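*Asks:* structural data only, the sequence is not supplied:
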């Protein structure tokens, strides 16, 4: 990525020098492209499940329910359980408290439009969020670079990212990325109350939103005396929500680290030295007795390394706000007992797409084609693995 010359963040948004009159039509094409890529992934998932008779009894009993459940598996069912019954009493069921309440609550509210079906509501939320994320990503890269080509490359990179299937299934990646991008663009344009609102909503989804708030604070500090001090309490709303959720868990369980305990008990994830996680990864590689597990383990390590590389690149370019965002995520993912899921975390690391957009802009056409072809093959493989109920990330 040495050739990706990323301009520094100015005290106001970068205004592209290209004609902005055609931006709406370009965004319409971005939206169309994103929809097509989602349809391709969905077709792979549905056709695979149909041909391989996955849950065939359920398909004959209720086709509509069977279809939506092709996109609701693994953690999706836990989100649905929280949407349906709320959080169980302490000690009653493991690990539900590891999931923040924002997405299950949205599924519950949205289910009123779908006959009480939480998963259809979650699926629609994810599709809408994914499209918004693609549009915002194009807008961000265009503002950052003034290059529509780089912006297009960034969107394509997101669309064919190896774990892009999680932008189409009932997980929080799509809404979290959309809110993160919304907060970032708003902050760059000094619309701090909008940025604060997006940060607060992101904080109802995932703990990583606290890192987003730290990065927004770094961006705010870059405005010097011109920064609006009244915004500081608003930016604190996200961390306050997270603290409130942790406090609520403590009141129910008697443990101040109830969230961390749930992560450890359910997925074996706990804070640790990096070499512990690496040792566990080696053991998991040795126990990978199938092709899909082997691929997922390799992708998880590659994602972990990518986080470190991106952090170094951003620091070298003195992109302080982005460095804070990616760096804090890197520390949390490297200093842990397992690298499981790190590829999904990389999926929502939007500074990566800015770098890739610029890198692809300076890359020969054959290199661009080769890169996107390889990524697309991995994306399709993971869509197939998801359809088969194999572990993806």
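*Replies:* Arrived safely, thanks for sending. Just so it is clear, the structure is predicted and the values come from calculations on it, not from any experiment.

*Asks:* could you list the buried residues of the helix or strand of the chain with the lowest mean pLDDT?
*Replies:* Taking mean pLDDT, DSSP states H and E as the measure, the chain has helix 231-235 as its least confident helix or strand, at a mean of 86. Judged by neighbour count using 16 or more other Cβ atoms under 10 Å, the buried positions of helix 231-235 are 231, 234-235. For the C-beta atoms, the positions are set from N, CA and C on the backbone; glycine is no exception.

*Asks:* so can I have CSV of the residues you listed showing distance to residue 108?
*Replies:* Below are the buried residues of helix 231-235 laid out as CSV (distance: Cβ to Cβ, whole Å):
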residue, distance to residue 108
231, 31
234, 27
235, 28
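
*Asks:* name the nearest of those relative to residue 156.
*Replies:* residue 235 (32.4 Å; Cβ to Cβ).

*Asks:* got a list of what the closest residue in space to that closest one that isn't next to it in sequence touches?
*Replies:* Closest residue to residue 235 apart from its sequence neighbours, by Cβ to Cβ, 6 or more residues apart in numbering: residue 196 at 5.2 Å. Going by Cβ atoms under 8 Å, 6 or more residues apart in numbering, residue 196 touches 183, 231, 234-235, 237-238.

*Asks:* quick one: pLDDT of residue 222?
*Replies:* Note for residue 222: predicted pLDDT of 82.

*Asks:* that one and residue 321 touch, don't they?
*Replies:* Yes. Contact criterion Cβ atoms under 8 Å: residue 222 and residue 321 qualify, at 7.1 Å.

*Asks:* between those two, which is the more surrounded one?
*Replies:* Using other Cβ atoms under 10 Å, the more surrounded residue of residue 222 and residue 321 is residue 321, with 22 against 15.

*Asks:* tell me the contacts of that one?
*Replies:* Neighbour list for residue 321: 9, 215-216, 218-219, 222 [criterion: Cβ under 8 Å, 6+ apart].

*Asks:* quick revisit: I'd like the contacts of residue 196 laid out as CSV, including distance to residue 388.
*Replies:* Below are the contacts of residue 196 laid out as CSV (distance: Cβ to Cβ, whole Å):
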residue, distance to residue 388
183, 36
231, 48
234, 45
235, 43
237, 42
238, 37
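
*Asks:* what's the neighbour count on the residue nearest to residue 114 when sequence neighbours are not counted?
*Replies:* Once flanking residues are discounted, residue 114 sits nearest to residue 120: 4.0 Å by Cβ to Cβ, 6+ apart. By the criterion of other Cβ under 10 Å, residue 120 has 23 neighbours.

*Asks:* might you report the residue contacts of residue 120?
*Replies:* So residue 120 contacts 68, 111, 114 (Cβ under 8 Å, 6+ apart).

*Asks:* isn't residue 90 right next to residue 248, touching?
*Replies:* No. Using Cβ under 8 Å, residue 90 is not in contact with residue 248; the gap is 11.6 Å.

*Asks:* so residue 105 sits against residue 83, correct?
*Replies:* Yes. Contact criterion Cβ under 8 Å: residue 105 and residue 83 qualify, at 7.3 Å.

*Asks:* more crowded one of those two?
*Replies:* The neighbour count for residue 105 versus residue 83, taken as other Cβ under 10 Å, is higher for residue 83 (22 against 14).
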